[in-house]
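# Sequence below, structure please.
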Amino acid sequence: MCAYLSVGGQVVITNRIGLHARPAISLSKLARTFNSSIRISKREGEKGVDAKSIVRVVALKAKVGETLFIRAVGPDAQVAVKSLTTLVKKIFEDESEKA
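Model prediction:
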């Protein structure tokens with residue numbers, strides 16, 4: 001039996017609309033490419049929701065200024081957390097440039 005390290009990261013929502021459907025879909029699609037279990041919450045230490053579920057990610061209703069805490073456990077946890085935090089930052093940067 002192999003024990004995996006738990007890896008965490010965080011990212012602040014900078015888009016004035018918050019974490020709406022389009023970025024939630026992108027986030028969930030990317031999360032599904034990893035073997036690790038990935039959870040997202042709005043409070044550090046909370047169990048959070050399954051990042052691979054679009055419906056659950058949208059249900060977080062994360063607003064501008066809120067921090068998302070991303071936690072992954074599994075063989076690719078470190079890469080998963082880094083990739084997801086980078087994606088969220090990029091999505092919101094791109095949307096800010098369009099506004």
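# From now on I want contacts and neighbour counts done on CA atoms only, so please keep to that.
Will do.
# contacting residues around the closest residue to Ser36 other than its chain neighbours?
Excluding its sequence neighbours, the residue lying closest to Ser36 (Cα to Cα, 6 or more residues apart in numbering) is Gly74, at 4.0 Å. Contacts for Gly74 (Cα atoms under 8 Å, 6 or more residues apart in numbering) come out as 4-6, 35-37.
# most neighbours, which of the residues you listed?
The residue in the contacts of Gly74 with the most neighbours, by other Cα atoms under 10 Å, is Ser36 (21 neighbours).
# Hmm, Val79 and it touching each other?
No - between Ser36 and Val79 there is no contact under Cα atoms under 8 Å: 9.7 Å.
# buried ones in the helix or strand bottoming out on mean pLDDT in the chain?
Least confident helix or strand, the chain: helix 77-98 with a mean of 84, by mean pLDDT, DSSP states H and E. Judged by neighbour count using 16 or more other Cα atoms under 10 Å, the buried positions of helix 77-98 are 77-78, 80-81, 84-85, 87-88, 91-92.
# can I assume Gly18 is in contact with Lys61?
Yes - taking contacts as Cα under 8 Å, Gly18 lies within contact range of Lys61: 7.4 Å.
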